[in-house]
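Trainee: build me a model:
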Amino acid sequence: MPGGRLTQQERQQIAVGLADGLAYAEIARRLDRPTSTITREVMRNGGPTVYRADLAHRATERRAHRRQSVPRGSEAAPQAHGRDAEAVREYEEAFTNVVTATGAPKMMSRVLACLFTTDSGSLTASELAQRLQVSPASVSKAITFLESQGLIRRERDERRRERYVVDADVWYQSMLASARGIAQLVDTARQGVDVLGPGTPAATRLENVARFLDFVAESTIRAANQARDILHTKPATATASTATPSPDH
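Mentor: Below is the predicted model of the structure:
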């Protein structure tokens, strides 16, 4: 089985396989590579829907250049639980790229990935700035955005330091915040119906938009309430998390 870095030609074959709807395992079989190699490659370059071979290849070259130019003594600190520091770094980058692909700004995505890959699920502003090698001002701006989306919360520790936290309920609260935002759009669309005159083409368009978004908001809230317990349930087995995902999941 070949080792080493993926070649540009292999990345092009990955892109073709994803476009054809092949599972990671099948793409890996055709390239005679481990499935985990294909999974990491795709996820750290935006996921199956946005993966581009040329962009992935250039990104890999940039990462390799950054690693070579890291000053001696500034390597990543040892990881807890015997984790591979390089694998963790690559996963954080993959997480960041996937969140960014949903429309979130890059720095906000980096902060969120950093918090989610921390065992405590909480860091101070100075810890975030140090881990991400960015300015405190950049962290502050990212925190403001993430709070507005309901993705993090603040708390004070025993030393009265402000910490930024992600926990199980963050996603639930985020779904509710999203539904509330949609509800505001519904109200605004229906105001337009009155202004433009019921039955007119513009008003009809807005009414249909309002009905659609109203259904989406109600469905989101109902689904979030029904699934909330999942966020507090320990997985039954470890093998479930290692199953190979298909490009559609």
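Trainee: if you skip the residues just before and after it, what's nearest to Glu92?
Mentor: Ala113 (4.7 Å; Cβ to Cβ, 6 or more residues apart in numbering). To be clear about C-beta, it is placed using only N, CA and C from the backbone, and glycine gets the same treatment.
Trainee: what number of residues lie near the one you found?
Mentor: 21 (other Cβ atoms under 10 Å).
Trainee: Gly46 now?
Mentor: Counted with other Cβ under 10 Å, Gly46 comes out at 19.
Trainee: the residue nearest to Glu92 against Asn97, yeah?
Mentor: No - counting by Cβ atoms under 8 Å, Asn97 is not a contact partner of Ala113; they are 9.1 Å apart.
Trainee: re the thing from before, secondary structure element holding the residue nearest to Glu92?
Mentor: Element membership for Ala113 (DSSP states H and E) is helix 106-116.
Trainee: contacting residues for the residue nearest to Glu92?
Mentor: Listed by Cβ atoms under 8 Å, 6 or more residues apart in numbering, the contact set of Ala113 reads 92-93, 95-96, 99.
Trainee: narrow those to those in helices?
Mentor: Using DSSP state H, the members of the contacts of Ala113 that fall within helices are 92-93, 95-96, 99.
Trainee: which one of the residues you listed is nearest Gln12?
Mentor: Glu93 (21.2 Å; Cβ to Cβ).
Trainee: which residues does the closest residue to the closest one other than its chain neighbours contact?
Mentor: Among residues not flanking Glu93 along the chain, Arg44 sits closest, at 5.2 Å (Cβ to Cβ, 6+ apart). Arg44 makes contact with 90-91, 93-94, 97, according to Cβ under 8 Å, 6+ apart.
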